[in-house]
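S.K.: Next come a sequence and a model predicted from it.
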Amino acid sequence: MLEVIVQNGEEAIHAENFGANRLELVTAISEGGLTPSYGTIKHVLKNVSIPVQIMIRPHSYHFNYTSSDLEIIIEDIRQLAKLGGLRIVFGAVTADYKINTAILDQIIQAAPNIDITFHRAFDEVEDQVNAYYTLTQYKQHVKRILTSGGKENCQAGQNNLESLVNLANQLQGPEIMPGGGLTPSNLEPIHKQVQAGQYHFGRSLRIKGDFKHSFDPLNFKKVVNVLNSSYKQERN
């Protein structure tokens, strides 16, 4: 499974055509990704057939959200539901860097059919194993966790990612999705160790590795080929 970051409808269409299996739609990527506009969400959902996870993030200051932040988050999710999209990318932690279960409870109460990717706020928790156990209690809604294993990137977090994937398999909880610093050249060795079932790509699929530019067809093809080849080998 290949998930790719997109910023608008044109990019979404291209990513699907190039072989992406799922999209993460964001705006303000220079801020780490914020909630896209209503119009952008509507345009993307109308023009692609693959799943689209919508970033729900009101600001880039931190992931310890206030009650005012939560009001905005809930309203954004309600507006998203009106468009027929209940797949979100979201993460929240407490002041002492644990999973904020109170906020997760309120989001799920507001949208009981929601599909959540818990994003790299997971890399800020004090203990990823304990945090994973917490999120396993929400596995009906938290379907996957985007993480670099608590390190700066997936290469540095390789050992932790392997342990998290093994834990996920053992507990049958949310799937671990490595993301952060993945490239066409390091994907294969990382996958050989980590053995995740899905991977998240951003700037390395862009021309000059920059979100200002469109996708690099060659790099996109390399990643798709690595994942397809690994899948065939594992099936055999």
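M.R.: Cool, got the structure.

S.K.: which regions of the chain lie under the pLDDT threshold?
M.R.: 232, 235-236 (pLDDT under 70).

S.K.: quick one: contacts for Leu161?
M.R.: With contact taken as CB atoms under 8 Å, 6 or more residues apart in numbering, Leu161 is in contact with 147-149, 154, 176, 178, 190, 193-194, 196. C-betas here are computed from N, CA, C, even on glycine.

S.K.: could the residues you listed go into TSV alongside neighbour count and secondary structure?
M.R.: As requested, these are exported to TSV (neighbours: other CB atoms under 10 Å; DSSP: H, G, I helix; E, B strand; the rest coil):
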residue	neighbour count	secondary structure
Thr147	30	strand
Ser148	23	coil
Gly149	25	coil
Cys154	26	coil
Ile176	29	strand
Pro178	29	strand
Ile190	22	helix
Gln193	12	helix
Val194	22	helix
Ala196	23	coil
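
S.K.: ok, now how distant is the residue nearest to Gly157 when sequence neighbours are not counted from Arg87?
M.R.: Distances taken as CB to CB, 6 or more residues apart in numbering place Gly149 nearest to Gly157, at 2.4 Å, with adjacent residues excluded. According to CB to CB, to the nearest Å, Gly149 stands 24 Å off from Arg87.

S.K.: again with Lys222
M.R.: Taking CB to CB, one finds Lys222 at 27 Å from Arg87.

S.K.: can you check Asn8 too?
M.R.: Separation of Asn8 from Arg87 (CB to CB): 17 Å.

S.K.: Which one's more surrounded, those two?
M.R.: Arg87 (20 against 15; other CB atoms under 10 Å).

S.K.: For the chain, just list every one of the strands.
M.R.: 2-6, 22-25, 52-55, 87-90, 115-118, 142-147, 175-178, 199-201 (DSSP state E).

S.K.: ok and the longest one relative to strand 2-6, angle-wise?
M.R.: Note on geometry: by axes from the mean of the first three to the mean of the last three CA atoms, to 10 degrees, strand 142-147 and strand 2-6 are set 70 degrees apart in direction.
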